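**Student:** Turn this into a structure:
(2 chains)
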Amino acid sequence: MSTTAEAVSTATSPIAVEVEQVSKIYPGGVEALHDMTIQFPKGQLTSLLGPSGCGKTTLLKIIAGLLPLTTGRVTVNGVEVTGPGEERAFVFQDFALMPWASVLRNAAFGLELRGVPKSERNAIAEKYIEAVGLKGYENLYPHELSGGMRQRVGLARALAVDADVLLMDEPFSAVDEQTRRKFQEDLLDVIKEEGKTFIFVTHSIEEAVYVSHSIALLLPRPSRVSEIIRPDIDRSISPDAIRRDPVYLDIVERIWQGLRSYVE
Amino acid sequence: MKSFFTHPLTLRVISVVIVFSFWEYLGRIPISPAFPTFLETMAALWEMITDGSMAAVYPATFQPLLIGLFISSFFGIACGIFMGLNHRAEWFGAPVFIVLQSAPLAALIPLLTFAYGIGLTSKVLTVCIMSMPVIVLNAYSAVRHTPVTMIEMGASYLGSRWQIVMKIVIPAASPVIYAGLRLGAAMGFIGAILAELLITPTGIGDLITYNQSIAEYAKMYAAIFSIMVFAVIFIEILERTEYIFFRPDKRVSQ
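**Tutor:** Residues are numbered from 1 along each chain as shown, chains lettered A, B, ... in the order given. Predicted structure coming up:
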């Protein structure tokens, strides 16, 4: 297992997102990120895992271009980030669906903002609504859906704009446990099919180990990448078998041992 | 059976019946010679509708009311949204409207009469000063409290400032804007009647004052009753338009 930030990039994958010596000081003087360097390989899912206050959501929002950074540099596909861009799509913790719009319009909203004609954007959105398992729900409103289904709409919206990089901010934290497991399994399929780069913020160790190609363990005070873990799990076996796999359980335990001192 | 007794419509009818029965009871005691029973009032109302005296006065009341409400809604919402979006407009406008909302505006009516005479202008302005502050302040606070993640969502999917305002901020604010409009409409009705009672007796205000002066109390109450009915209907219609134009999701949930 590698232990330094620079070693994240493995020789096998090119880099999609590169964070170089980024610091973020909020107005008022709180330092959320300090000199953080991390790379996200293309076509993989990298989790940002850590206790609350370690700056993982801040980092994700900086990559999304929603927050300005104080010093340092973020590049996506070699281009420096100055704001939100076409090649990135965001999945929100609280779903951020428009309650007055149907599932179809919500899923197509990213395309609507880009000025894609209605029939075209609806066709694309329908395709992704089906891909996330919501076929037949197109004309319902968000309040008629369960939490898990709402986040599927959020995911369909992000997939519909066909971005290279999907930024997911604790997407399952507002979803109940059973739905969450099913969703994690489905996410693995989506990653396989879409071949996109996923950056996934979570505070659940099990979730991170289950869905990730690599896990960046972030620690607070000062916020830094403490290590990069690559769970070497055989994903061809069934989801239930993975959850009982000794390798999976060992990694979960090891991360917990690394984090526990920060929880107290 | 249970569903019949708990149906919203049944409950509303029961509530109305209770209030009117109590009115009838108080009228029969009687608590005052100037307080007619419910049935006497309804009879007077019927008489005034059939002999045309109602229809004759209402245009005079509705003219300043509708003009005033249109002006307050249009400028009030525009002003409120602008204040919600722009901090300088907020600093400039918010104190003015907060003072106006809490001030006893009826006291300004003599001033309006002094400045604009006893014509339509004063009455329209009376409706405006009554209804506008609540419309502005609701629109302003609705826009100011748009959920942050909704705006971040718009920004991350490359919405322009204009798109975010039109497609996210305004629809998200519409329930509270409409709540302000309904309150504003209610205040506007009060303003219209106040203007007719305090500036010059015209329209329904004239009907109230006149019947009071000749001790036709049933007719006086019938006139008051009729304006209340109109106010309720008007506010109900406003609510429907919101569901139709802005919040199709609420029609589903009803």
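**Student:** Pass me the low-pLDDT residue ranges in the chain, would you?
**Tutor:** Using chain A. Applying pLDDT under 70 to the predicted model, the residue ranges of chain A that meet it are A:1-12, A:221-222, A:263-264.
**Student:** hmm, I had chain B in mind actually
**Tutor:** Where chain B drops to pLDDT under 70, the residues are B:1-2, B:251-254.
**Student:** and it, which residues reach chain A?
**Tutor:** Residues of chain B lying close to chain A by CB under 8 Å from any CB of the partner chain are B:147, B:149-150, B:152-160, B:163, B:167-168, B:171-172, B:174, B:246-249, B:252-253. (Each C-beta comes from the backbone N, C-alpha and C, glycine too.)
**Student:** Any of these buried? List them.
**Tutor:** Burial by neighbour count, judged by 16 or more other CB atoms under 10 Å in any protein chain shown, picks out B:149-150, B:152-159, B:163, B:167-168, B:171-172, B:174, B:246-247, B:249 from the residues of chain B next to chain A.
**Student:** Would you agree B:Ala60 falls within a helix?
**Tutor:** Yes. The secondary structure assignment for B:Ala60 places it in a helix, going by DSSP: H, G, I helix; E, B strand; the rest coil.
**Student:** from what I can see it touches B:Pro201, true?
**Tutor:** No. At 10.0 Å, B:Ala60 does not count as touching B:Pro201 under the criterion of CB atoms under 8 Å.
**Student:** more neighbours, those two?
**Tutor:** Neighbours per residue, other CB atoms under 10 Å in any protein chain shown: of B:Ala60 and B:Pro201, the larger number sits with B:Ala60, 19 against 15.
**Student:** Tell me the spacing between the more buried one and chain A.
**Tutor:** Taking CB to the nearest CB, to the nearest Å as the measure, B:Ala60 and chain A are separated by 39 Å.
**Student:** From B:Glu40, how far off is that residue?
**Tutor:** Relative to B:Glu40, B:Ala60 is positioned 26 Å away (CB to CB, to the nearest Å).
**Student:** Check A:Arg114 too.
**Tutor:** For A:Arg114, the distance to B:Glu40 equals 67 Å [CB to CB].
**Student:** if you count what's nearby, which of these two comes out ahead?
**Tutor:** B:Glu40 (18 against 14).
**Student:** burial count for residue 211?
**Tutor:** No chain specified, so I'll use chain A. 24.
**Student:** Sorry, I should have been clearer: chain B.
**Tutor:** Neighbour count for B:Asn211, taken as other CB under 10 Å: 21.
**Student:** Quick check: phi and psi on it?
**Tutor:** The main-chain torsion angles of B:Asn211 are listed as degrees, to the nearest 10 and equal phi -70, psi -30.
**Student:** Thought B:Tyr217 was touching it, still the case?
**Tutor:** Yes. Look at B:Asn211 against B:Tyr217 with CB under 8 Å: they come within range, at 7.3 Å.
**Student:** Just confirm A:Phe40 is within a strand.
**Tutor:** Yes. Counting by three-state DSSP, one finds A:Phe40 located in a strand.
**Student:** isn't it right up against A:Val17?
**Tutor:** Yes. Using CB under 8 Å, A:Phe40 makes contact with A:Val17 at a distance of 4.1 Å.
**Student:** Now the common contact residues for the two.
**Tutor:** Residues touching both A:Phe40 and A:Val17 by CB atoms under 8 Å, 6 or more residues apart in numbering or on different chains: A:165, A:197, A:199.
**Student:** Quickly find the element holding the last one.
**Tutor:** What that stands for is A:Ile199. A:Ile199 is part of strand A:197-202 when elements are defined by DSSP states H and E.
**Student:** ok, now A:Ser226?
**Tutor:** Using DSSP H and E, A:Ser226 maps to strand A:224-229.
**Student:** Equivalent analysis for B:Gly68, please.
**Tutor:** Per DSSP H and E, the secondary structure element for B:Gly68 is helix B:53-85.
**Student:** Now that helix: buried residues?
**Tutor:** Burial within helix B:53-85, assessed by neighbour count using 16+ other CB under 10 Å, is assigned to B:53-54, B:57-58, B:60-65, B:67-69, B:71-73, B:76-77, B:79-85.
**Student:** next one: stretch B:237-244
**Tutor:** B:238, B:242-243.
**Student:** cool, stretch A:26-43 as well?
**Tutor:** By neighbour count with 16+ other CB under 10 Å, stretch A:26-43 contains the buried residues A:32-34, A:36-43.
**Student:** what residues does the stretch 151-264 of chain A put near chain B?
**Tutor:** Of all the residues in the stretch 151-264 of chain A, those in contact range of chain B (CB under 8 Å from any CB) are A:157, A:161.
**Student:** Could you pull out the strands in the stretch 151-264 of chain A for me?
**Tutor:** Listed in chain order, the strands of the stretch 151-264 of chain A (DSSP state E, counting those that start in this stretch) span A:165-169, A:197-202, A:214-219, A:224-229.
**Student:** now the last one against strand A:214-219, angle please.
**Tutor:** To tie it back to what came earlier, the one meant is strand A:224-229. On the basis of axes from the mean of the first three to the mean of the last three CA atoms, to 10 degrees, strand A:224-229 is oriented at 150 degrees to strand A:214-219.
**Student:** Likewise for the second one?
**Tutor:** Between the direction of strand A:197-202 and that of strand A:214-219, the angle (the same axes, to 10 degrees) works out to 40 degrees.
**Student:** now swap in the shortest one and tell me
**Tutor:** Per the same axes, to 10 degrees, the angle that strand A:165-169 makes with strand A:214-219 is 40 degrees.
**Student:** ok, residues contacting strand A:165-169?
**Tutor:** A:16-17, A:40, A:57, A:60-61, A:63-64, A:76, A:87-93, A:158-159, A:196-201.
**Student:** how about a cut-off of 7 Å?
**Tutor:** By CB atoms under 7 Å, 6 or more residues apart in numbering or on different chains, the list of residues contacting strand A:165-169 from outside reads A:16-17, A:57, A:60, A:63-64, A:76, A:87-93, A:158, A:196-201.
**Student:** Tell me the gap between the helix or strand encompassing A:Glu130 and the middle of its chain.
**Tutor:** Taking DSSP H and E as the definition, one finds A:Glu130 inside helix A:118-131. Helix A:118-131 has its C-alpha centroid displaced from the chain centroid by 22 Å (CA atoms, centre = their mean, to the nearest Å).
**Student:** just stretch A:80-98 next, same as before
**Tutor:** Distance of stretch A:80-98 from the chain centroid (CA atoms, centre = their mean) equals 11 Å.
**Student:** Can you show me the helices along chain A?
**Tutor:** Listed in chain order, the helices found in chain A under DSSP state H are A:56-64, A:103-107, A:109-113, A:118-131, A:147-160, A:177-194, A:205-211, A:239-244, A:246-263.
**Student:** What of the stretch 101-250 of chain B?
**Tutor:** The residue ranges that make up the helices of the stretch 101-250 of chain B, judged by DSSP state H, counting those that start in this stretch, are B:109-116, B:120-144, B:148-156, B:161-164, B:170-198, B:203-213, B:217-245, B:248-253.
**Student:** thought B:Trp123 was touching B:Ala195?
**Tutor:** Slight slip there: residue B:123 is Lys, not Trp. Yes. In this structure, B:Lys123 sits in contact with B:Ala195. The criterion is CB atoms under 7 Å, and the distance is 4.1 Å.
**Student:** Name the residues contacting each of these two.
**Tutor:** Residues touching both B:Lys123 and B:Ala195 comprise B:Pro64, with contact defined as CB under 7 Å, 6+ apart.
**Student:** Right, I'll leave it there.
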